[in-house]
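**Student:** give me the fold of what follows.
(one chain, ligands or ions: 2)
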Amino acid sequence: MPEQPVDVSDLRTRIREIVDRQPILDIHTHLYDIPFGELLLWGIDELLTYHYLVAEVFRAQPMDYDQFWSLPRQAQADRVWRVLFLERSPVSEACRGVLTTLEQLGLDTSSRDLDTCRDFFKSTTAQEHVNRVFKTANLHSVVMTNDPFDDLERPVWDKGVQLDPRFRAALRLDPLLLAWEKSFETLKGWGYSAGRDFDATSRKEVRRFLEKWIAAMKPAYMAVSLTPDFRFPDDSITSSMLEECIFPVAREHRLPFAMMIGVKRQVNPKLKLAGDSVGRADVSSVERICAGFPRNKFLVTFLSRENQHELCVTARKFPNLMVFGCWWFMNNPSLIEEITRERLELLGLSMIPQHSDARVLDQVIYKWRHSRTLIADILADKYEDLARTGWRIDASAIERDVRLLFGENFEQFLSWNP
Ligand code: RAT
Ligand code: ZN
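**Tutor:** Ligands and ions are numbered 1, 2, ... in the order given. Model (predicted):
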């Protein structure tokens with residue numbers, strides 16, 4: 001019997017159900033598997049001291065930066081709660097996110113009582129909580145951000161950690177690519193023959209370093225974040241390292257290279273992690289990279305709203321370019337709405353609409369709750385437009401499309417051999 005098309009009056013509800021039922025593969029987070037110990041952040045005090053909220057608390061009620069940082073974590077969280085949740089309404093996306101998370105975890109937000117929340121988190125183990133959060137957010141798996149230059153993280157890899165299959169690695173290369181003047185010394189300390197001038201020996205050694213970490217981490221992809229003034233090609237070490245080390249090794253292993261472009265690091269260092277900003281970047285550099293390295297695969301996201309349209313058009317020209325996520329300052333309902341529509345209209349389903357960038361485990365709950373709702377409603381508009389032409393919309397077709405957006409596009413891109 002042929003499948004009955006979904007009734008148009010029922011379409012929106014059905015799409016919401018299908019989107020909610022789909023387990024998600026979250027392609028960029030800052031979460032860690034349990035063996036990484038204290039690197040895995042979770043719980044109410046971590047939620048409240050997320051750097052997105054730290055920036056907001058200093059605006060709402062300025063105080064001496066050093067004084068804030070010298071407070072114990074719980075006192076910082078108390079201040080954020082008082083200033084941003086009790087003394088004004090928590091309408092920002094980052095504030096609302098805390099409340100969505102608590103509500104989805106079954107806590108009563110109307111009591112406004114932090115201590116009850118703290119008791120809830122104290123009464124559970126990290127492992128129980130990982131399971132609970134994956135279930136509540138309906139997550140299939142998350143990709144971590146793994147930096148071999150991180151002194152807390154490296155020893156865990158060196159011991160030969162066995163990962164929970166729900167946590168996958170991504171080899172993050174910011175220190176290597178962006179601060180060679182420091183990182184060559186570190187490489188030397190680890191037994192590599194690296195020199196400041198990045199000569200042929202250094203290039204060979206960087207390739208050897210990459211091979212070592214690909215073998216150790218088995219990453220889904222390699223990645224870097226780049227400033228608005230990133231240009232390719234130019235006469236920088238970054239440019240030659242990309243061309244002579246990263247791209248050849250990535251091609252050899254069929255690994256995508258992720259470029260997250262447009263972050264201005266530390267415009268206000270006193271805010272620490274919250275002190276980074278945004279700038280409009282150069283999409284034509286991505287165009288030259290995709291054209292110049294057609295056998296490489298690139299996952300790309302931009303931080304500035306102004307770059308989003310050009311990125312979509314560039315992706316239309318290059319199948320080796322996969323657009324992903326609404327990154328950081330883009331991850332707000334009004335912008336997700338705009339960018340997701342733009343992408344669907346220009347690229348159809350051949351993109352990855354979202355990632356969470358969660359730094360605290362619990363955040364995947366709100367980031368995906370908010371994004372699922374927005375994406376489902378945008379899809380409903382698109383299917384309604386199709387239905388108006390007489391096109392039949394089957395539930396199985398919607399399910400297939402949603403699977404592409406929330407995981408299969410990524411998996412297929414990983415296994416593709418251009
Ligand atoms: O979104 C964030 O939390 C930022 O601080 C960064 O981590 C950014 O996403 C990055 O990966 O560099
Ligand atoms: Zn990130």
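
**Student:** now do the helices in the stretch 301-418 of the chain.
**Tutor:** Per DSSP state H, counting those that start in this stretch, the stretch 301-418 of the chain carries helices over the ranges 308-317, 333-347, 363-388, 395-403, 409-415.

**Student:** tell me the angle of the fourth one relative to helix 363-388?
**Tutor:** Relative orientation of helix 395-403 and helix 363-388, computed by axes from the mean of the first three to the mean of the last three C-alpha atoms, to 10 degrees: 140 degrees.

**Student:** who does helix 395-403 touch, helix- and strand-wise?
**Tutor:** Other helices and strands packing on helix 395-403, by 3 or more C-beta pairs under 8 Å, 6 or more residues apart in numbering; DSSP states H and E, are helix 11-21, helix 363-388. Using the backbone N, CA and C atoms, a C-beta is placed for each residue, glycine as well.

**Student:** okay, the helices of the stretch 301-418 of the chain, which one's buried deepest?
**Tutor:** helix 363-388 (a mean of 19; mean count of other C-beta atoms under 10 Å).

**Student:** what does the stretch 301-418 of the chain put close to ligand 1?
**Tutor:** 328, 357, 359 (C-beta under 6 Å from any ligand atom).

**Student:** using ChimeraX, define a selection of the buried residues within the residues you listed.
**Tutor:** Entered in ChimeraX, the line below selects the buried ones among these, by 16 or more other C-beta atoms under 10 Å:
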select :328,357,359
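
**Student:** with pLDDT as extra columns, can I get the residues of the stretch 301-418 of the chain next to ligand 1 in JSON lines?
**Tutor:** Supplementary listing: those in JSON lines, determined by pLDDT from 0 to 100:
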{"residue": "328", "pLDDT": "98"}
{"residue": "357", "pLDDT": "98"}
{"residue": "359", "pLDDT": "98"}
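
**Student:** now, which of the residues of the stretch 301-418 of the chain next to ligand 1 lie within strands?
**Tutor:** Per DSSP state E, strands hold no members of these.

**Student:** give me the pLDDT for the nearest residue to residue 4 once chain neighbours are set aside.
**Tutor:** Leaving aside its sequence neighbours, residue 4 sits nearest to residue 394 (C-beta to C-beta, 6 or more residues apart in numbering; 7.7 Å). pLDDT for residue 394: 95.

**Student:** identify the residues contacting residue 328.
**Tutor:** Applying C-beta atoms under 8 Å, 6 or more residues apart in numbering, we find residue 328 in contact with 263, 278, 303, 357.

**Student:** in JSON lines: those residues, plus distance to residue 347.
**Tutor:** Shown next, in JSON lines, are these (distance: C-beta to C-beta, whole Å):
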{"residue": "263", "distance to residue 347": "24"}
{"residue": "278", "distance to residue 347": "23"}
{"residue": "303", "distance to residue 347": "19"}
{"residue": "357", "distance to residue 347": "21"}
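
**Student:** which one of the residues you listed is nearest ligand 1?
**Tutor:** residue 357 (4.1 Å; C-beta to the nearest ligand atom).

**Student:** mind listing what the closest one touches?
**Tutor:** Contacts of residue 357 (C-beta under 8 Å, 6+ apart): 28-30, 325, 327-328, 331, 367.

**Student:** ditto for residue 323
**Tutor:** Here residue 323 is in contact with 300-301, 311-312, 315, 343, 347, 351-352 (criterion: C-beta under 8 Å, 6+ apart).

**Student:** next up, the contacts around the nearest residue to residue 105 once chain neighbours are set aside.
**Tutor:** For residue 105, ignoring the flanking residues on the chain, the nearest one in space by C-beta to C-beta, 6+ apart is residue 136 at 6.5 Å. By C-beta under 8 Å, 6+ apart, residue 136 lies in contact with 104-105, 365.
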